[in-house]
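Asker: for reference, the sequence and a predicted model appear below.
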Amino acid sequence: MRVVYVGDAGNLRARLRQHCGGNVEASALRKHVARAMGLGLRREPRANGRSVRVRIDLPDPAEGEGRVSAYLCGGIWRVVVCASAEEARDFQWFAIDRLDPALNRERRAWASGSEARYEEGVDRLRSGEARACGAVDWPTAPGVYALWHERPPAP
């Protein structure tokens, strides 16, 4: 298995539920997977005129969302709980650098004094408890998550 995506969350349970069963509008991961599957995205103005809605560009966007969900649920997830949301954001960049996930394109610097602790976290992302997308016992704490899959998303 190879790592497909690494992200951070202030509440791991809420964020992973959003990724696994949400929509492309609320999840960068779902947007990345949809694009990698060759699904276009369309932006539609909301009735309030101040914002836009993002949908998969198919006659039935739910069909595309189902394909994205099936892919995400076909992988395994590993999480590392962090002391704070700030630490999770920082550790995320270290993990992205070390794991080189297929769908994370952006790279940023991290706090240099944290490398030893962050290496331990990356080890847990590589070999920690693997959970399915529908797991109900996700921690509600801040942390970093990684999606591992047999294959990258493809058309």
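Answerer: Alright, I've got the coordinates. As the structure is a computational prediction, the values presented were derived from the model and not from experiment.
Asker: that's a helix at Glu63, yeah?
Answerer: Yes. Per DSSP: H, G, I helix; E, B strand; the rest coil, Glu63 lies within a helix segment.
Asker: please report the distance of it from Phe91.
Answerer: The gap separating Glu63 from Phe91 is 36 Å, by Cβ to Cβ, to the nearest Å. The way it works is simple: take the backbone N, C-alpha and C, and place the C-beta from them, glycine included.
Asker: ditto for Arg98
Answerer: Counting by Cβ to Cβ, the gap between Arg98 and Phe91 amounts to 10 Å.
Asker: what does Ala116 give?
Answerer: Here Ala116 is placed at a distance of 12 Å from Phe91 (Cβ to Cβ).
Asker: one more: Ala154?
Answerer: 29 Å.
Asker: ok, now Ala109?
Answerer: Computed with Cβ to Cβ, the distance linking Ala109 and Phe91 is 12 Å.
Asker: neighbour count winner among the two?
Answerer: Higher neighbour count among Ala109 and Phe91: Phe91, with 26 against 9, using other Cβ atoms under 10 Å.
Asker: where along the chain do the strands fall?
Answerer: Taking DSSP state E as the test, the strands found in the chain are 2-9, 41-45, 52-56, 76-81, 143-149.
Asker: what angle sits between the last one and strand 76-81?
Answerer: Same thing as strand 143-149. On the basis of axes from the mean of the first three to the mean of the last three Cα atoms, to 10 degrees, strand 143-149 is oriented at 160 degrees to strand 76-81.
Asker: ok, now the third one?
Answerer: When the same axes, to 10 degrees is applied, the directions of strand 52-56 and strand 76-81 differ by 140 degrees.
Asker: burial measure for Arg67, as a count.
Answerer: 17.
Asker: grab the nearest non-local neighbour of it.
Answerer: Leaving aside its sequence neighbours, Arg67 sits nearest to Met37 (Cβ to Cβ, 6 or more residues apart in numbering; 6.3 Å).
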